[in-house]
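>>> Give the three-dimensional model of this entry:
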Amino acid sequence: MKLFFAGSIRGGGGYTKVYRRIIALLNTHGEVISELQNDSGIPEKEGKKADMAIHARTSKAIRHSDLVIAEVSHPSIGVGYEIALAESIGIPVIALYHRGSEHRLSAMIAGNEKIVTLPYDTFEELGVLLKKQLAPDSS
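I've put the predicted structure just below:
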């Protein structure tokens, strides 16, 4: 199974360690594709061409995924766009939301019956929830 993982990159730097832990967990369930895995620690050059390349690469990755998993605890226009793109082409979406976040979960995510939302308190709890959700017989 190809899993696309989305998380706020430009605005959610404080979540990078959490994202990497989630990606490691997801790797046990399938092939994970994520912009975070392309991160060499050296920021891409800013500008229109770099942004266009990111958009093209990310859109292609989503289109070739079986499932999009988005960590939505930190609001991000980009992650919202990725979720909407997946939904528009019929790719299922799971949204992960840390209950301890300083931000409220977007009503556009919480109110969308097509999106499976998994609120969690601890990383361990998240692991159990994901394992249950990604089990072959849970579809």
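
>>> all strands of the chain, in order?
The residue ranges that make up the strands of the chain, judged by DSSP state E, are 2-6, 31-33, 67-71, 93-98, 115-120.

>>> Which one of those strands lies nearest to I77?
strand 2-6 (11.7 Å; CB to CB). For the C-beta atoms, the positions are set from N, CA and C on the backbone; glycine is no exception.

>>> And the closest one, how far out from the chain middle?
6 Å (CA atoms, centre = their mean, to the nearest Å).

>>> Check which residues of that strand are buried.
Within strand 2-6, the residues scored as buried using 16 or more other CB atoms under 10 Å are L3, F4, F5, A6.

>>> what's the closest non-adjacent residue to the last one?
Nearest non-adjacent residue to A6, counting by CB to CB, 6 or more residues apart in numbering: A70, 4.0 Å away.

>>> what about that neighbour, neighbour count?
Neighbour count of A70, defined by other CB atoms under 10 Å: 24.

>>> now do the one 4 residues further on
Neighbouring residues of H74 were enumerated by other CB under 10 Å; the total is 19.

>>> follow-up on the earlier one: so what's the residue nearest to A6 bridging to?
For A70, the beta-bridge partners under DSSP bridges are A6, A95.

>>> Alright, that wraps it up for me.
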